[in-house]
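Asks: Predicted model and sequence below, questions to follow.
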Amino acid sequence: MIDVLNLALPFFGLIFLGMACGRYAARIPDSGLAWMDFFVVYVALPALFYRVLSQTPADQLGQVTFIVGTTLATFAAFVVTFVPALLLQRGRLPEATIIGLAGSFGNVGYMGPGLAVSALGTEAAAPVALIFCFDTLLVFSLAPFLMALSRSGGGKGALATLWLVVRRIALHPFIVASVLGVLSAALEIRPPVALDRLLQFLQNAAAPCALFALGVTVVMRPIDAVTVELPIAIGVKLLVHPVIVLVLLSLLGPFAETWVYTAVLLAALPTALSIFVLARQYDTWVAEASSLVMYGIVISVFTVTAVLWLIKTHRLPLNIFG
């Protein structure tokens, strides 16, 4: 158990350190966080995804059934959260959409790479990148589609929305880096030593900077809006989603131990900060989404640590049916 705590607490410690700095370093303007966010999203994490994927054997990146299983699990978690939210919100589709996404889309981009690689080794980076890519495709397709359904609009609006979705997904730095990494692996392209060393420096900086920036960003948002939907979404995200992943991978497998453990660990991560960004973008359930992200991170200290313990002690079955 000590080994698990030694693994988990530094990651959450970076988040809480960011929260403390964001709370008490009031003299630093909010705009100061912009460059940190830019470095994390456009430089450090893309370098991590590219470097690890480019060094992964190409045959490991064609796990179609694995991608189907994890993406279907994310969609199932969305449905499980969305349906009761739609009832509680009395048919209000925009609010139910944000709540459904909060119960299904975890913080894979910021927390996933560093935590999974530290717990399971560099072999975990390939499934992390695949899960992130296809979960992002799902979420950023569902959100504008359902929001468009809730608003009246003509064909021009629908086409414009579709183009916006395609462009945002195709140009996302994580997606671009992952595609380049897969191509490099397939074509066996290796960067020059100096460039590879630079990418390694950026890769090593990705997790600390991402987790610190996450903590600062979360604590600077209001957290006083608590509704009955919050525990539902948090419960599905932290507890139900990992179970769905394990069930589907058991049905579709077998898969390598590292891939199963990585998928379950990522499914257990708290709600992504991008859900708050979506809520603000659509001006829907904004204060509640902010509270949900904050409380989800705090509760996940215990739930993610428990999942890590199951993984490190090999008590988590690779196939629950066999």
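Replies: Cool, the structure landed. Quick caveat: nothing in here was measured; it's all calculated off a predicted structure. Numbering: from 1, shown residues only.

Asks: any weak-confidence spans in the stretch 51-200 of the chain?
Replies: 151-158, 161 (pLDDT under 70).

Asks: Does P208 touch G13 like I think?
Replies: No: under the contact definition of CB atoms under 8 Å, P208 does not touch G13, with a separation of 10.4 Å. All C-beta atoms are positioned from the backbone trio N, CA, C, and that covers glycine.

Asks: quick one: which of the two has more around it?
Replies: Neighbours per residue (other CB atoms under 10 Å) separate P208 from G13, with P208 holding more: 17 against 14.

Asks: Which residue is the nearest non-sequential neighbour of the more buried one?
Replies: Excluding the flanking residues, the one nearest P208 by CB to CB, 6 or more residues apart in numbering is L14, at 5.9 Å.

Asks: try Q55
Replies: Distances taken as CB to CB, 6+ apart place A185 nearest to Q55, at 7.3 Å, with adjacent residues excluded.

Asks: what do you get for I244?
Replies: If the residues on either side of it in the chain are set aside, I244 comes closest to A73, at 4.4 Å by CB to CB, 6+ apart.

Asks: Just list what the strand or helix carrying the residue nearest to P208 packs against, helices and strands only.
Replies: If you go by DSSP states H and E, L14 is part of helix 2-24. Contacts defined by 3 or more CB pairs under 8 Å, 6 or more residues apart in numbering; DSSP states H and E place helix 2-24 against helix 112-120, helix 193-219, helix 286-312.

Asks: for it, which positions count as buried?
Replies: Residues of helix 2-24 classed as buried by neighbour count (16 or more other CB atoms under 10 Å): 4, 7-8, 10-12, 14-19, 22.

Asks: cool, stretch 219-233 as well?
Replies: V219, R221, I223, T227, E229, L230, I232, A233.

Asks: can you put those residues in JSON lines and add distance to I275, secondary structure and pLDDT?
Replies: Output for those, formatted as JSON lines (distance: CB to CB, whole Å; DSSP: H, G, I helix; E, B strand; the rest coil; pLDDT from 0 to 100):
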{"residue": "V219", "distance to I275": "17", "secondary structure": "helix", "pLDDT": "78"}
{"residue": "R221", "distance to I275": "12", "secondary structure": "coil", "pLDDT": "71"}
{"residue": "I223", "distance to I275": "14", "secondary structure": "coil", "pLDDT": "68"}
{"residue": "T227", "distance to I275": "15", "secondary structure": "coil", "pLDDT": "84"}
{"residue": "E229", "distance to I275": "13", "secondary structure": "helix", "pLDDT": "90"}
{"residue": "L230", "distance to I275": "12", "secondary structure": "helix", "pLDDT": "94"}
{"residue": "I232", "distance to I275": "14", "secondary structure": "helix", "pLDDT": "96"}
{"residue": "A233", "distance to I275": "9", "secondary structure": "helix", "pLDDT": "96"}
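
Asks: what's the farthest-apart pair in these?
Replies: Spatial extent of those (CB to CB) is set by the pair V219 and I232 at 23.8 Å.

Asks: Using a markdown table, lay out the buried residues of stretch 219-233 together with distance to L142.
Replies: Converted to a markdown table, these look like this (distance: CB to CB, whole Å):
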| residue | distance to L142 |
| --- | --- |
| V219 | 28 |
| R221 | 23 |
| I223 | 26 |
| T227 | 21 |
| E229 | 17 |
| L230 | 20 |
| I232 | 18 |
| A233 | 15 |
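
Asks: Go through those residues and say which is closest to F134.
Replies: Out of those, the member with the shortest distance to F134 (by CB to CB) is A233, at 21.2 Å.

Asks: so the closest one touches T271, yeah?
Replies: Yes: contact criterion CB under 8 Å: A233 and T271 qualify, at 7.1 Å.

Asks: The stretch 51-200 of the chain: helices as residue ranges?
Replies: 64-88, 93-102, 112-120, 125-149, 155-170, 173-187, 193-219 (DSSP state H, counting those that start in this stretch).

Asks: which residue packs closest to the residue nearest in space to the middle of the chain, ignoring adjacent ones?
Replies: Among the residues of the chain, the one closest to the centroid is V108, at 2.4 Å (CA atoms, centre = their mean). Spatially, and ignoring its direct neighbours in sequence, V108 is nearest to F132 (4.6 Å; CB to CB, 6+ apart).

Asks: same check, this time on K312
Replies: V4 (5.3 Å).

Asks: OK, contacts around the one you found?
Replies: T305, L308, W309, K312 (CB atoms under 8 Å, 6 or more residues apart in numbering).

Asks: Now the two most distant members of these.
Replies: The widest separation within the contacts of V4 (CB to CB) is 10.4 Å, between T305 and K312.

Asks: T56 reaches A125, doesn't it?
Replies: Yes: contact criterion CB under 8 Å: T56 and A125 qualify, at 7.2 Å.

Asks: Compare the two (neighbour count), which wins?
Replies: A side-by-side neighbour count of T56 and A125, using other CB under 10 Å, places A125 first with 25 against 20.

Asks: From A47, how far out is V41?
Replies: V41 sits 11 Å away from A47, taking CB to CB, to the nearest Å as the criterion.
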